[in-house]
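Trainee: Provided below for reference: sequence and predicted model.
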Amino acid sequence: MSTESWVKRWEFFPSPRSPNTMAMATCDIAVEDLNNCLSVLDLKRNHLHPVQRELLDRFIGVSQDFVRDMRAVNGDPDALRALLGLPVPGKKDNEGRA
């Protein structure tokens with residue numbers, strides 16, 4: 001069974017826009033692999049003890065920050081807005097507001 005059939009695509013990161021550079025396309029390939037790895041770990045979350053779950057949550061957060069920063073460096077306007085703490089059009093905040 002392929003991972004695509006049971007792992008949600010782009011579960012942890014926003015799906016990429018059309019990459020405008022080879023560097024960004026390469027980064028998006030790595031991000032897709034990282035997303036798949038995080039998805040597998042998250043699916044097995046109930047097998048981890050509480051400290052491991054906490055570490056997994058921290059790793060997911062740091063990974064999301066890394067992806068945002070990499071996209072911001074390449075000029076993704078939504079990533080730049082998120083990096084600057086500005087609202088991203090169409091993205092809901094932690095309270096579910098757009």
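Mentor: Perfect, thanks for sending it.
Trainee: Buried ones in the helix or strand harbouring Arg53, by neighbour count?
Mentor: Element membership for Arg53, per DSSP states H and E: helix 50-73. By neighbour count with 16 or more other Cβ atoms under 10 Å, helix 50-73 contains the buried residues 56, 60, 63-64, 67-68, 70-72. All C-beta spots, glycine's among them, are computed from the backbone N, C-alpha and C.
Trainee: pretty sure Cys27 is touching Asn74, no?
Mentor: Yes - Cys27 is within contact range of Asn74, at 7.5 Å (criterion: Cβ atoms under 8 Å).
Trainee: burial count for Pro87?
Mentor: Neighbours of Pro87 under the rule other Cβ atoms under 10 Å: 11.
Trainee: For it, grab phi and psi.
Mentor: Dihedral pair for Pro87: phi -60, psi 140, per degrees, to the nearest 10.
Trainee: low-scoring stretches of this protein, by residue?
Mentor: For the chain, applying pLDDT under 70 flags the ranges 1-10, 16-17, 19, 91-98.
Trainee: Since that was my last question, I'll sign off now.
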